[in-house]
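Student: Dropping a prediction and its sequence here:
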Amino acid sequence: MDLILPDWPAPGNVHACMTTRSAGASTGSYAGLNLGDHTGDDAGAVARNRAQLRQLLPADPCWLKQVHGHAVCRADDPASSRAADAAVARQPRVVCAVLTADCLPVLLCDRAGGVVAAAHAGWRGLAGGVLEATVAAMGVSPGELLAWLGAAIGPQAFQVGTEVREAFVADLPACAEAFTPDAAPGKWRADIYQLARLRLARAGVADIFGGGLCTVTDAARFYSYRRDGATGRMASCIWRE
């Protein structure tokens, strides 16, 4: 299995990874390690893929019902709703996970290794404050947090309308620097990595790593909804010992 391991100074008791589409039981447009059970792929293949991932983890991931919002699930609380776009855990061996195929996965931990989190940040979630909500739910000083940005749609591939730009700039004027005019009238190219960095910085997170891997342009390694339509999902996972 081909995994992306975050290059960040996380404490030794924190472990994290992002899967790619390498290996796995899925075929056709889902070929590889599709971990999304809502994509139209064969359910048996997805189950085998998840079992393959599970061998690398201390427990089953806390799979979320992602809705492009800003709700945060407390993964170590069975009563916490899984209808959320981020998960936070303080207990050891609880795996926070998000699924993506162009949206940005963001993994976070504190320098003491006491709390971890995973957030699913598409443009709607970013604009709606999913990263700020995740930081707040972690319950530690934002200055003590580390954030890692996984693979997502790159700035050369992410074409958006003026309404998307306006949603960000109205809330945080500095976000204007993350958009460049597109050749098509009324369209812009958006840098989702820069948008995430700006939102995290406003929330008080200074140490941000990763970013730069484009899901759209690397079809051999990544699923991309924007590129393929019917496609699989990668998982980004984080847990503490």
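Tutor: Now that the structure is in, tell me what you want to look at.
Student: just the helices in the protein please.
Tutor: Along the chain, the stretches classed as helices by DSSP state H are 43-54, 123-128, 130-138, 162-171, 192-202, 225-228.
Student: ok, now how distant is Gln25 from Leu107?
Tutor: In this structure residue 25 is Ala, not Gln. 26 Å (CB to CB, to the nearest Å). Every residue, glycine included, has its C-beta placed from N, CA and C.
Student: on that earlier part again, would you turn the helices of the chain into a markdown table with distance to Thr20?
Tutor: Shown next, in a markdown table, are the helices of the chain (distance: least, CB to CB, whole Å):
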| stretch | distance to Thr20 |
| --- | --- |
| helix 43-54 | 12 |
| helix 123-128 | 22 |
| helix 130-138 | 23 |
| helix 162-171 | 27 |
| helix 192-202 | 18 |
| helix 225-228 | 15 |
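Student: so what's the spatially most central residue of the chain bridging to?
Tutor: A centroid search over the chain (CA atoms, centre = their mean) returns Pro105, at 1.2 Å, as the residue closest to the centre. Counting by DSSP bridges, Pro105 forms beta bridges with His120.
Student: Ala136: neighbour count?
Tutor: Ala136 sits with 14 neighbouring residues when counted by other CB atoms under 10 Å.
Student: where does this structure dip in pLDDT?
Tutor: In the predicted model of the chain, no residue satisfies pLDDT under 70.
Student: Do a quick rundown of the strands in it.
Tutor: 3-4, 14-19, 61-62, 72-74, 86-89, 95-100, 104-110, 116-121, 145-149, 159-161, 179-181, 187-190, 207-210, 234-240 (DSSP state E).
Student: most neighbours per residue, which of these?
Tutor: Scoring the strands of the chain by mean neighbour count under mean count of other CB atoms under 10 Å gives strand 116-121 as the most buried, with a mean of 29.
Student: Can you pull out the residues in contact with that one?
Tutor: Contact with strand 116-121 is made by 14, 16, 64, 66, 68, 72, 85-89, 96-100, 103-109, 125, 130-131, 134, 137-138, 192, 196, 236-240, as judged by CB atoms under 8 Å, 6 or more residues apart in numbering.
Student: tell me the contacts of Pro181?
Tutor: Under the criterion of CB under 8 Å, 6+ apart, the contact list for Pro181 reads Lys187, Trp188, Arg189.
Student: Wait, the first one touches Val160, no?
Tutor: Yes: with contact taken as CB atoms under 8 Å, Lys187 and Val160 are classed as touching, separated by 7.0 Å.
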